[in-house]
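>>> Any chance you could fold what I've pasted below:
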Amino acid sequence: MRSLCTVTGLMLIAVLAGGPAQAEEYRPIHDRKAFLSVVEGRALRIALYDLTLRVGADGAISGRALGGEVSGKWQWSDGYFCRTMEWAGRKIDADCQLVEQRGTSALRFTSGKGSGKRAVFRLQ
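Residues are numbered from 1 along each chain as shown. Model prediction:
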């Protein structure tokens, strides 16, 4: 049972840290106001991992992934989405991420201020 929890935790961390690259149709979001206009009142979702997050204007992050609760805080800093998070009681390393938008349906977060792994979330 413990190894299943470890594997599940590692999978979630990999998803939250990023995934494979996507098409080049994305445009960067450079400020907090523009970011909030896209996410406010909407859920960010990666169905494969049963991952659903909500990002609030108050700086809160909440949601669920693989049956565990996700919580955290975020702020906008120097053009990046900077967050701290926990999943099922486990801390996930703090990170500042480049955020890019594709149309009205997808956001791509790239860790390491745009130099790391990517994760694409569907907006619902």
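
>>> what about the strand ranked longest in the chain, distance to the chain center?
Secondary structure of the chain read by DSSP state E shows that its longest strand is strand 90-102. Its chain's C-alpha centre and that of strand 90-102 lie 5 Å apart, by C-alpha atoms, centre = their mean, to the nearest Å.

>>> how about the CA coordinates for the next helix or strand after it, as PDB?
Downstream of strand 90-102, the next assigned helix or strand under DSSP states H and E is strand 106-110. Only the C-alpha atoms of strand 106-110 are listed here, as PDB (Å, rounded to 0.1, in the frame of the first residue of the first chain):
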ATOM      1  CA  ALA A 106      -6.400  25.700 -22.600                       C
ATOM      2  CA  LEU A 107      -3.600  27.000 -20.400                       C
ATOM      3  CA  ARG A 108       0.000  25.800 -20.500                       C
ATOM      4  CA  PHE A 109       2.200  26.100 -17.400                       C
ATOM      5  CA  THR A 110       5.900  25.700 -17.900                       C
END
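
>>> How about strand 106-110, which residues are buried there?
Of all the residues in strand 106-110, those buried under the rule 16 or more other C-beta atoms under 10 Å are Ala106, Leu107, Arg108, Phe109, Thr110. Quick note: C-beta positions are derived from backbone N, CA and C, even for glycine.

>>> That strand packs against which elements?
strand 90-102, strand 118-123 (3 or more C-beta pairs under 8 Å, 6 or more residues apart in numbering; DSSP states H and E).

>>> can the ones you listed go into a markdown table with extra columns for mean pLDDT?
Compiled in a markdown table, the helices and strands packed on strand 106-110 are given as follows (pLDDT from 0 to 100):
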| stretch | mean pLDDT |
| --- | --- |
| strand 90-102 | 97 |
| strand 118-123 | 96 |
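
>>> For Gly79, which of the ones you listed is the nearest?
The closest of the helices and strands packed on strand 106-110 to Gly79 is strand 90-102. By C-beta to C-beta, the value is 8.0 Å.
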